[in-house]
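Could you work out the structure for the sequence below:
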Amino acid sequence: MNSSNASEPYRREHYLDQLRPFYDADDLIKVVTGIRRCGKSCLLLSVMDELRERGVPDGNIIYLNLDRSEYRNVTTPDQLEAAIKTSKPQSGLRYLLIDEVQNVKDFEPLINAIREDGGTSIFLTGSNSYLLSGDLATKLTGRYIEVEMFTLSFAEYLGMRGFFGLPADNVPMLFRDYLTYGGFPRSLSIPDVRARDLYIRDVVSQIFDKDIRTRRKVKDVALFDRVQSYFINNYAAPTNISNIGKYLLHAENIHTKRETLSKYIRLLEDAKIMYRCPRFDLKSRRMLRGGDKFYLADTGIYTARNTNAQISYGPALENILYKHLRAKGYAVSVGSIGKLECDFIARKNNTYWYIQVSQTIADPNVEEREYRPFRYIRDNYPRYLFTLDPLPEQRDGVRHLNLMEFLAEDGDLEP
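Sure thing, here's the model as predicted:
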C-alpha cells in the first residue's frame, strides 16, 4: 500500500453524503448497519476527519470501538456510560461515535437519555439487524436515521485501489477479480488468494460467533451450517422452504421442521449474510409468496466457502447488480409475468425499472429469451438489459448496457 495513505481511510462518498446533512443533528441518532467488516468503522473515522476539518476540537469527539480489546470489559450500560465520561469536551456540541454498540446489552435507554439531554450528536454502528429490531427502533421512532452499508461497489473497489496506490487500469481483469473475491475492503489489500479466502471465511465465522450465536440460540449448529451452506451455494436461485427440506432429507438424510428452517433463514438475513429478494407480480402489483431469491452480501463469501470455485457468471452478475441497486436506495424484487420472469424490478419514488441480466446475448436464442419478458410488460417504464457484450445494441426501446462499464462508472438508472 502507499504509505502516505496507510493511516487515513478511503472516504466512501456515497455513505458520507447520506450522513453529512445530519452531522450536527443532536435530536436524531445516526445508525449505520451492515455486514461485519464492510467498512463501518472506517466510515466513522472519515466522519471524524471531516469534523476536525470543520474545526471541531478533538476533545469534543468521543469514539468508542467496542470490538477493540481496550473495551472488551464494556458490556453493561453503566460501563459504557463510564467510558463516555472519561472524555473532557470543550464548550459546544459534542460528537459521540460508538462502533458495534450491540456489544453492550440493553444499551438503548442510555443512548436515548443522552439524546434527550441534547448537546450530543450520536452515531452508532452495528453488524446486524438486531440493532434496530428491539427497543431502539420502538422507542426512537422518528428520532433516528438508518444508513445501510454494503461491501465495496465496483466503482469503490477501483477507487480504493487507486487511493492506496494499487494498479487499477486493467478494468476487465479487476472486474473478474471483483466477481470472484468480492468487495470486503480489507481483502483488497491481501494479494495472496489463499490468505484472502481465509480472511473471508474468518469474517463469516465471526458473524456466526458474534452476531448469531451470542444473540439467538442455535440448538443444532451442524444443521445451521448446512442451511447456511445451502444458501451460499444456491444464491440467486428461486428458493422455497419445502425444497430446502427435501434437499436436506434426500441429500443429507436430515429431517428438520419447517419452523426451524424459517428461523435459520431469518438469522442469516438478520446477520446480513444474505438478502431476500421477493417476487412481485406485475399483473396484480402485489408481492407473491414463495420462490424468493436470496443474494449474498458479497460474492467473496461463495468463493471462500467453495474450494476451487469457478465463477458462475449468471448468479454472480445478478448478485453484484442487486447489491449495487440496493446501495443506491432502490427497492428490488423479482418480476413475475405469468410464466415468465423478469430478473429485477427496481422501484424508487413511485417509478419502476424492468431489468434483465445476462453474460452475453451473442446467441440468438439467448437474445430472444432475454427480450421475451419485456414484450409482456404493458406500461412504459424504462427497460434495461445488462450484459458483458462489448458493443451493446439498442432494440425495442430497451437500453442495452455493458454491466462492467455501468458499475465502474457508478451508474444509475435513468427515468
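
And residue 78, its phi and psi?
Main-chain torsions, residue 78, degrees, to the nearest 10: phi -60, psi -40.

Next: the one 3 residues further on.
Main-chain dihedrals, residue 81, degrees, to the nearest 10: phi -60, psi -40.

Neighbours of it, how many?
15 (other C-beta atoms under 10 Å). For every residue, glycine as well, the C-beta is placed using N, CA and C.

For it, which non-adjacent residue is spatially closest?
With sequence-adjacent residues excluded and distances taken as C-beta to C-beta, 6 or more residues apart in numbering, residue 81 is closest to residue 110, at 5.8 Å.

Which helix or which strand is home to the one you found?
Per DSSP states H and E, residue 110 falls inside helix 108-117.

pLDDT on that helix, on average?
For helix 108-117, the per-residue pLDDT values average out at 91.

Show me what it is packed up against.
helix 77-85, strand 120-126, helix 135-139 (3 or more C-beta pairs under 8 Å, 6 or more residues apart in numbering; DSSP states H and E).

CA-only coordinates of that helix, as PDB, when you get a sec.
Below are the C-alpha coordinates for helix 108-117, written out as PDB (Å, rounded to 0.1, in the frame of the first residue of the first chain):
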ATOM      1  CA  GLU A 108     -30.900   1.600  24.400                       C
ATOM      2  CA  PRO A 109     -32.100   3.600  27.500                       C
ATOM      3  CA  LEU A 110     -28.600   5.100  28.000                       C
ATOM      4  CA  ILE A 111     -28.400   6.200  24.300                       C
ATOM      5  CA  ASN A 112     -31.900   7.600  24.400                       C
ATOM      6  CA  ALA A 113     -31.200   9.500  27.600                       C
ATOM      7  CA  ILE A 114     -28.100  11.100  26.000                       C
ATOM      8  CA  ARG A 115     -30.100  12.100  23.100                       C
ATOM      9  CA  GLU A 116     -32.900  13.500  25.300                       C
ATOM     10  CA  ASP A 117     -30.300  15.600  27.200                       C
END
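
tell me the contacts of the residue nearest in space to the middle of the chain?
Against the mean C-alpha coordinate of the chain, by C-alpha atoms, centre = their mean, the closest residue is residue 150 at 3.2 Å. Counting by C-beta atoms under 8 Å, 6 or more residues apart in numbering, residue 150 touches 34-35, 38, 183, 297, 323, 326-327.

Leaving out the residues flanking it, which one is nearest to residue 276?
Nearest non-adjacent residue to residue 276 (C-beta to C-beta, 6+ apart): residue 292, at 5.4 Å.

Can you tell me which of the helices and strands packed on helix 108-117 is most buried?
For the helices and strands packed on helix 108-117, average neighbour numbers computed from mean count of other C-beta atoms under 10 Å are highest in strand 120-126, which has a mean of 24.

List the contacts of it.
19, 22-26, 29-34, 40-41, 43-44, 47, 93-102, 111, 114-115, 131-132.

Just the buried ones from those?
For those, a neighbour count by 16 or more other C-beta atoms under 10 Å gives the buried set as 19, 22-23, 26, 29-34, 40-41, 43-44, 47, 93-102, 111, 114-115, 131-132.

Narrow those to those in helices?
Using DSSP state H, the members of the buried ones among the contacts of strand 120-126 that fall in helices are 19, 40-41, 43-44, 47, 111, 114-115.

Go through these and say which is closest to residue 159.
residue 43 (14.5 Å; C-beta to C-beta).

Would you check how far apart that closest one and residue 206 are?
Distance of residue 43 to residue 206, computed by C-beta to C-beta, to the nearest Å: 19 Å.

Repeat that for residue 92.
Distance from residue 92 to residue 206, by C-beta to C-beta: 38 Å.

Now render the ones in helices among the buried ones among the contacts of strand 120-126 as TSV, adding distance to residue 411.
Output for those, formatted as TSV (distance: C-beta to C-beta, whole Å):
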residue	distance to residue 411
19	23
40	25
41	28
43	22
44	28
47	26
111	37
114	40
115	38
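
Kindly list the longest strand within the chain.
strand 286-296 (DSSP state E).

about what we covered before: and the angle for the helix holding residue 110 with helix 77-85?
Per axes from the mean of the first three to the mean of the last three C-alpha atoms, to 10 degrees, the angle that helix 108-117 makes with helix 77-85 is 40 degrees.

how much space between residue 219 and residue 266?
15 Å.

Which one of the two is surrounded by more residues?
Set residue 219 next to residue 266 and count neighbours by other C-beta under 10 Å: residue 266 wins out with 13 against 8.

residues making contact with the helix or strand that one falls within?
For residue 266, the element it lies in under DSSP H and E is helix 258-270. The contact list for helix 258-270 (C-beta under 8 Å, 6+ apart) reads 128-130, 133, 211-212, 216, 218, 220, 223-224, 227-228, 231, 241-242, 244-245, 274-276.

Quick check: buried residues in that helix?
For helix 258-270, burial by neighbour count (16+ other C-beta under 10 Å) applies to 260-261, 263-265, 267-270.

I'd like the next helix or strand past it.
On the C-terminal side of helix 258-270, the closest following helix or strand by DSSP H and E is strand 274-281.

mind listing what that next one pairs with, with the direction of each?
Here strand 274-281 is paired, per DSSP bridges, with strand 286-296 (antiparallel), strand 331-337 (parallel).

most packed of these?
strand 331-337 (a mean of 20).

hmm, who's touching the helix or strand that comes right after it?
Counting by DSSP H and E, the next helix or strand C-terminal to strand 331-337 is strand 340-348. Strand 340-348 is contacted by residues 277, 280, 282, 318, 321-322, 325, 329-336, 352-357, 372-374, 376-377, 413 when judged by C-beta under 8 Å, 6+ apart.

what's the distance between strand 340-348 and the middle of its chain?
19 Å (C-alpha atoms, centre = their mean, to the nearest Å).

Extract the CA atoms of the very next helix or strand once past that strand and return them as CSV.
Note on strand 340-348: by DSSP H and E, the next helix or strand toward the C-terminus is strand 351-357. Output of strand 351-357 as CSV, limited to C-alpha atoms (Å, rounded to 0.1, in the frame of the first residue of the first chain):
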residue,chain,number,x,y,z
THR,A,351,-41.1,4.8,-10.6
TYR,A,352,-40.4,1.3,-11.8
TRP,A,353,-37.5,-0.1,-13.9
TYR,A,354,-37.5,-3.5,-15.5
ILE,A,355,-34.1,-5.2,-15.7
GLN,A,356,-32.7,-8.4,-17.4
VAL,A,357,-29.1,-9.6,-16.7
